[in-house]
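Student: sequence isn't available, so here's the structure alone:
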């Protein structure tokens, strides 16, 4: 564990501005046969910036550990993911702008298709449209009015995904997923992971039975529930770092993560150029820290789509001048983890990192994993990115006399 | 301290295979006058492997700390040596395949020569043969039959070295060595390091007096006792890392260390080529982690024999193709510490490290200390080697969603 709590005493609010840009899953593998997408991409703007910046490599957790998106981002935001573990249900709820309730328990749901013996035919119900999703949620919520075991409501997300909110003073979320994980297996109910969660689990399973009854005979006739969780109650970034943070993020989970640490969620469209536009619209505000999230580097990595990942990096390069034109006092570009195309998955490889400020030691090298290993910042834990940003933007007092 | 305990929840058993090769004390000093032995040695096979691998530097403990063989290896095996401290007596006992007893306390012994005033003439009794050692041990054990203060037995090791096993429910091993360390000094008895060990120390000193009485008038007429210790009770590598580990190690202490973390000790001859032979014989087993130990790099370093150290590295290079032919999923080559020839001793210099796997970022550089400092792995604590090996061989799940 890395304890950076002393920052709380050293940080103060100033007029200087920070931008932290996450190219999700940008890190990749290079070897003697294949360059990494960062090496391959034509990025004149990024290269020019990198030459005037400090480079380095960051471990979101520690060498060898592959982070999920939650832990990967927590680390970037300055919260040790080994100390703060956040359930997927909470992330998904926050991502659709649900306000977490103290007595709320949240789970991430998939609509699925079951055969007449409750064997799973399709874990995503044919990837139904978001519109159909909304209709199914309305039907379920209507049908839940007569259900007295536990107050519950479902909320549509995108395509086949939804969130359930359960309410109750004594809910214990130590519950194993109600998800057999594989097509062809019989339906699996929720299971208590600890004895303290037995009562809650019984209520959840009665909820499932009731929903299956409501959907009986429909095309979408089943639900899978994962990641039962309650609000972890994190201190916000203002308390920890004296920052007034805002997020420009297009995807629910990352909006959720940002919200969890107290960021204001800014409105942003769905295109790459909507990201600098949102930043420009909100630059003349009280916010002094902006988290910018670019998702598709990870999506293409997960698909094993090398050319796609290269292309997203090049698209990002085109919007970079608009971000630089705002003249932030400290700017950091990195990923929340690596997603190598050859692995089609998140990985443990340390993530390339670029830190720009007038006080940066400059490496005069383009932004690639290979150059980052020779950079001025060396290999650090990602938890130190916020302290470095605070320092480079003049927000951090000296420690001790 | 580095806490890697989360690995226990993330690791699972798979068919993939790991080999971790320790060239004991391989790290050395290079300067503007002299290349390091790794730089000097002609190692075509190692260089070829290194070019297709990630390089880095590892600190067994932390910068500046010179590890003994015990702490150095514990770190490589994934056990923080600042948390787990293992007495030399226990290591030596395990090295001769003694089964540690719960009520046992172990010390490492040297047979020595004393003059009539109990001044030390030779700390190794002329480096007696192992055969003579056995005879002396038999004589002592026979003479101990009438000794009632504390049940004790001596076991021969090699040359002048032996192990004492003391038995008793309330033995406290916090005892300073019964060893004046230098020829010409008067005999030094054991001393209690804490008040709780006073009773045990009194018994140990009565044991010493009894043995000196047994050996009175013989050529070998004294004993020095060091490293009083009990079984530290470490969790084994199967529990911590879901590995089924095996060791190919030729020297007692390293077999002892391997045994302490639950490795199966494989039979191996005394020559360099016996090492790949032992690995080949046991490759078709259930073991999925193999620790290979090569001792002589350290021995020559301790002798200040530069050419000898270069030669051992070249000998290792010759057996490397047989190891690679087994096609392990992840392979790591490193040392447990540096042993610079110019220092004739272990040192604190970080140790070169090579990690090979299809998922490794490749540095395209030969295996030398200087190249390792520019490697993809950067400088890491040696404790992360097992997590990295688990990750690169596909044995580690993602942390968090």
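Tutor: Done, it's in. As the structure is a computational prediction, the values presented were derived from the model and not from experiment.
Student: any idea of the pLDDT on the residue positioned nearest the centre of chain A?
Tutor: For chain A, the residue nearest the mean C-alpha position is residue A:254 (3.7 Å; C-alpha atoms, centre = their mean). At residue A:254, the model reports a pLDDT of 91.
Student: ditto for residue A:107
Tutor: pLDDT, residue A:107: 97.
Student: now swap in the one 10 residues further on and tell me
Tutor: Per-residue confidence (pLDDT) for residue A:117: 91.
Student: for the longest strand along chain A, which strands pair with it and how are they oriented?
Tutor: Longest strand in chain A, counting residues (DSSP state E): strand A:104-114. Strands that pair with strand A:104-114, judged by DSSP bridges, come out as strand A:120-122 (antiparallel), strand A:161-167 (antiparallel), strand A:222-229 (antiparallel).
Student: need the contact partners of the longest one.
Tutor: Outside strand A:222-229, the residues within contact range by C-beta atoms under 8 Å, 6 or more residues apart in numbering or on different chains are A:86-92, A:105-114, A:118, A:120, A:123, A:125, A:162, A:164, A:173-175, A:177-180, A:187, A:190, A:204, A:208, A:211-212, A:215, B:401. Glycine gets a C-beta too; all of them are placed from N, C-alpha and C.
Student: contact partners for the closest residue to residue A:350 other than its chain neighbours?
Tutor: Nearest non-adjacent residue to residue A:350, counting by C-beta to C-beta, 6 or more residues apart in numbering or on different chains: residue A:57, 4.0 Å away. The neighbours of residue A:57, taking C-beta under 8 Å, 6+ apart as the test, are A:350-353, A:369, A:372-373, A:375, A:377-380, B:378.
Student: most neighbours per residue, which of the strands paired with strand A:104-114?
Tutor: strand A:222-229 (a mean of 24; mean count of other C-beta atoms under 10 Å in any protein chain shown).
Student: right, and chain B sits closest to which residue of the stretch 201-350 of chain A?
Tutor: Using C-beta to the nearest C-beta, the single residue of the stretch 201-350 of chain A nearest to chain B is residue A:348, 4.4 Å away.
Student: and that residue, what pLDDT?
Tutor: Residue A:348 is given a pLDDT of 98.
Student: relative to chain B, how far out is the residue of chain A most remote from its centre?
Tutor: Centroid-distance maximum for chain A: residue A:401 at 38.7 Å, with C-alpha atoms, centre = their mean. Distance of residue A:401 to chain B, computed by C-beta to the nearest C-beta, to the nearest Å: 26 Å.
Student: and stretch A:203-212, how far out from the chain's middle?
Tutor: Computed by C-alpha atoms, centre = their mean, to the nearest Å, the chain-centroid distance of stretch A:203-212 equals 29 Å.
Student: contacts for that stretch next, please.
Tutor: A:107, A:114, A:118, A:140, A:143-144, A:147, A:149-150, A:152, A:154, A:164, A:166, A:168, A:175, A:178, A:189-190, A:221-223, A:225, A:228.
Student: got it, and stretch A:236-246?
Tutor: Identification of contacts with stretch A:236-246 by C-beta under 8 Å, 6+ apart yields A:5, A:7-8, A:11-13, A:18, A:77-79, A:258, A:261-266, A:282, A:285-291, A:386, A:390, A:395.
Student: report the buried members of these.
Tutor: Buried by 16 or more other C-beta atoms under 10 Å in any protein chain shown: A:7, A:11, A:18, A:77-79, A:258, A:261-263, A:265-266, A:282, A:287-291, A:386, A:390, A:395, out of these.
Student: is any part of the worst-scoring helix or strand of chain A on mean pLDDT close to chain B?
Tutor: Sorting the helices and strands of chain A by mean pLDDT, DSSP states H and E puts helix A:88-95 at the bottom, at a mean of 86. Yes: contact between helix A:88-95 and chain B, assessed by C-beta under 8 Å from any C-beta of the partner chain, occurs at A:88, A:91.
Student: and that helix, what does it pack onto?
Tutor: Identification of packing neighbours for helix A:88-95 by 3 or more C-beta pairs under 8 Å, 6 or more residues apart in numbering or on different chains; DSSP states H and E yields helix A:69-76, strand A:104-114, strand A:161-167, strand A:222-229, helix A:252-260.
Student: and the next element down the chain from the third one?
Tutor: Yep, that's strand A:161-167 we're talking about. Following strand A:161-167 in sequence order, the next helix or strand is strand A:175-176 (DSSP states H and E).
Student: next one: that following strand, is it in contact with chain B?
Tutor: No: Strand A:175-176 does not reach chain B (C-beta under 8 Å from any C-beta); its nearest approach is 13.8 Å.
Student: by contact count, what packs against the following helix or strand past that strand?
Tutor: Next along the chain after strand A:175-176, taking DSSP H and E as the criterion, comes strand A:191-192. Applying 3+ C-beta pairs under 8 Å, 6+ apart, one finds that strand A:191-192 contacts strand A:175-176, helix A:198-215.
Student: now do the helices in the stretch 301-401 of chain A.
Tutor: For the stretch 301-401 of chain A, the helices defined by DSSP state H, counting those that start in this stretch cover A:306-324, A:369-372, A:385-392.
Student: OK, contacts around the closest residue to residue A:338 other than its chain neighbours?
Tutor: Spatially, and ignoring its direct neighbours in sequence, residue A:338 is nearest to residue A:27 (3.0 Å; C-beta to C-beta, 6+ apart). Each residue near residue A:27 by C-beta under 8 Å, 6+ apart is listed here: A:36, A:335, A:337-340, A:347, A:349-352, A:369.
Student: how about the strands in the stretch 251-400 of chain A?
Tutor: Under the criterion DSSP state E, counting those that start in this stretch, the stretch 251-400 of chain A contains strands at A:264-265, A:289-294, A:330-334, A:351-356, A:378-381.
Student: dump the ones you listed into JSON lines; add distance to residue A:246 and mean pLDDT as well.
Tutor: JSON lines is the format used below for these (distance: least, C-beta to C-beta, whole Å; pLDDT from 0 to 100):
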{"stretch": "strand A:264-265", "distance to residue A:246": "5", "mean pLDDT": "94"}
{"stretch": "strand A:289-294", "distance to residue A:246": "5", "mean pLDDT": "98"}
{"stretch": "strand A:330-334", "distance to residue A:246": "15", "mean pLDDT": "98"}
{"stretch": "strand A:351-356", "distance to residue A:246": "19", "mean pLDDT": "98"}
{"stretch": "strand A:378-381", "distance to residue A:246": "25", "mean pLDDT": "96"}
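Student: could I get these as CSV with distance to residue B:234?
Tutor: Output for the strands of the stretch 251-400 of chain A, formatted as CSV (distance: least, C-beta to C-beta, whole Å):
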stretch, distance to residue B:234
strand A:264-265, 48
strand A:289-294, 43
strand A:330-334, 37
strand A:351-356, 33
strand A:378-381, 27
